[in-house]
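Engineer: can't give you the sequence, but here's the structure:
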Ligand SMILES: NC(=O)c1ccc[n+]([C@@H]2O[C@H](COP(=O)([O-])OP(=O)(O)OC[C@H]3O[C@@H](n4cnc5c(N)ncnc54)[C@H](O)[C@@H]3O)[C@@H](O)[C@H]2O)c1
């Protein structure tokens, strides 16, 4: 299998990426940029067609980038899994969601492995990047891949390297975020480190597949728990008449022992957790820990606090409307921001969805505006069937309340406050607004 190391060194190795989503597409670009030939695989024919036509379907990845990749002969996308035979390394970036019962749903991964298995060949390196519980690569992925008669460690190489993509964050790219790598055996670890080392600035090699899997979960559990902490402080300080955002800003000036904005270790309250990772991944550990007779109490508590945040916001909205002699039933409410975080077009698990559903259930007449999401896509568990309402002085003046759920940087918050009767701000987005503060309620 030394051959692979030489092929990596010479950029002769072909990198296959299975799952061309938020993680797979930037990864494909990174390897392409480093001189590799890259083949992207997806079951979604529309995505494959877009890539083949040189178009991007992810807002923060410009179509120019995909078009540039397509201009030469080093990048193609396909739904034909028999082409996996052309690749030297296969990186798996498929979804790992939770089931309705909030248990790990590995069906995407299992299906991917089944599709790969007939095309697996001697000497190939397979790396799982999808977030999952410790033991998945060894106990779930490996047996399916080995079903065709090839053995991990003997015939093919197997590793886990968690994706750490932060979509929309301009400070880091796939290439500048250190890559953690764990191997099934020494040869696998070595090969995976060589592959990523050819493309990312720093590879962090760890002792096993399970350490690498647990590393990713730990990162996201850390975030979920700290976000829950500041959310709980928001409720407590709010009741005391203390502005939690001002407290956190002040605490964040401590040069040690507290999260700092500069290095992105600063946690802020919000209307709930969103995105594909933080609300989901910690429960992968919860599920696995049960096998060992253990409860993940921090994770459960953080989940409880974070999922109660939309109710806290709705309550604050109801009280503010009540103060103005208005019931939430029949009230016109405009939710600003549907994406789960600023300046992205991804609304998976966004708390805005929960807010809209809760307000609708109370009889409010709810609309939304999001410059990045013109209409709501159909999701597995939600189908809002809404279109973004263009922002104008009249639209804002027509609302009984404007609810800032995501602090997109495109918004002119001073203008929004000036036109609105009541603004519920869940993100401290109006911190700099000086006029009309009496119309702002932080929640
Ligand atoms: N989005 C993030 O910011 C982020 C960050 C870190 C880790 N992750 C993890 O990375 C993994 C992928 O997440 P994502 O956000 O890229 O998901 P995504 O939904 O954007 O992309 C997944 C892609 O996989 C494709 N797919 C599904 N089943 C397939 C199959 N059998 N064969 C080929 N393609 C298939 C889908 O069509 C889709 O294009 C998840 O485990 C996620 O937890 C995501």
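Structural biologist: That came through, no problem. Predicted, not measured: the structure shown is a model, and the values here were computed from it. Residues are numbered from 1 along each chain as shown.
Engineer: what residue lies at the spatial centre of this protein?
Structural biologist: Centroid-nearest residue in the chain, with C-alpha atoms, centre = their mean: residue 276, separated by 4.0 Å.
Engineer: skipping its backbone neighbours, what lies nearest that residue in space?
Structural biologist: Spatial nearest neighbour of residue 276, excluding adjacent residues (C-beta to C-beta, 6 or more residues apart in numbering): residue 348 at 5.0 Å. For glycine as for every other residue, the C-beta is placed from the backbone atoms N, C-alpha and C.
Engineer: and what about residue 428, helix, strand or coil?
Structural biologist: Under DSSP: H, G, I helix; E, B strand; the rest coil, residue 428 falls in the coil class.
Engineer: just the pLDDT at the residue nearest to residue 276, thanks.
Structural biologist: pLDDT, residue 348: 88.
Engineer: so how many other residues sit close to it?
Structural biologist: 20 (other C-beta atoms under 10 Å).
Engineer: likewise for the one 4 residues further on?
Structural biologist: Using other C-beta under 10 Å, residue 352 has 27 neighbouring residues.
Engineer: helix or strand for it, which one?
Structural biologist: Using DSSP states H and E, residue 352 sits within helix 351-361.
Engineer: rounded mean pLDDT for that helix, please.
Structural biologist: Averaging pLDDT along helix 351-361 yields 97.
Engineer: and that helix, what's buried?
Structural biologist: 351, 352, 353, 354, 355, 356, 358, 359 (16 or more other C-beta atoms under 10 Å).
Engineer: cool, and stretch 117-128?
Structural biologist: 117, 119, 120, 124, 125, 126, 127, 128.
Engineer: ok so, going back, check which helices and strands the following helix or strand past the helix holding residue 352 sits against.
Structural biologist: With elements assigned by DSSP H and E, the helix or strand that comes after helix 351-361 is strand 365-369. Counting contacts by 3 or more C-beta pairs under 8 Å, 6 or more residues apart in numbering; DSSP states H and E, strand 365-369 packs against strand 332-336, helix 351-361.
Engineer: now those as JSON lines including distance to the ligand?
Structural biologist: Formatted as JSON lines, the helices and strands packed on strand 365-369 follow (distance: least, C-beta to the nearest ligand atom, whole Å):
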{"stretch": "strand 332-336", "distance to the ligand": "22"}
{"stretch": "helix 351-361", "distance to the ligand": "16"}
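Engineer: what does the stretch 151-300 of the chain put close to the ligand?
Structural biologist: Applying C-beta under 6 Å from any ligand atom, we find that the stretch 151-300 of the chain lies next to the ligand at 163, 164, 165, 167, 276, 277.
Engineer: try it again with 5 Å
Structural biologist: 163, 165, 167, 276 (C-beta under 5 Å from any ligand atom).
Engineer: ok, residue 414 to residue 432 distance?
Structural biologist: Applying C-beta to C-beta, to the nearest Å, the value for residue 414 to residue 432 is 8 Å.
Engineer: neighbour-wise, which of those two wins?
Structural biologist: Taking other C-beta under 10 Å, residue 414 and residue 432 do not tie; residue 414 has more neighbours (14 against 8).
Engineer: contacting residues around the more buried one?
Structural biologist: For residue 414, the contact set (C-beta atoms under 8 Å, 6 or more residues apart in numbering) comprises 432, 433, 434, 435.
Engineer: where along the stretch 101-250 of the chain do the strands fall?
Structural biologist: Using DSSP state E, counting those that start in this stretch, the strands of the stretch 101-250 of the chain run over 125-128, 157-160, 179-183, 203-206.
Engineer: and these as a markdown table, adding distance to residue 81 and mean pLDDT?
Structural biologist: A markdown table is the format used below for the strands of the stretch 101-250 of the chain (distance: least, C-beta to C-beta, whole Å; pLDDT from 0 to 100):
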| stretch | distance to residue 81 | mean pLDDT |
| --- | --- | --- |
| strand 125-128 | 13 | 98 |
| strand 157-160 | 18 | 98 |
| strand 179-183 | 24 | 98 |
| strand 203-206 | 28 | 98 |
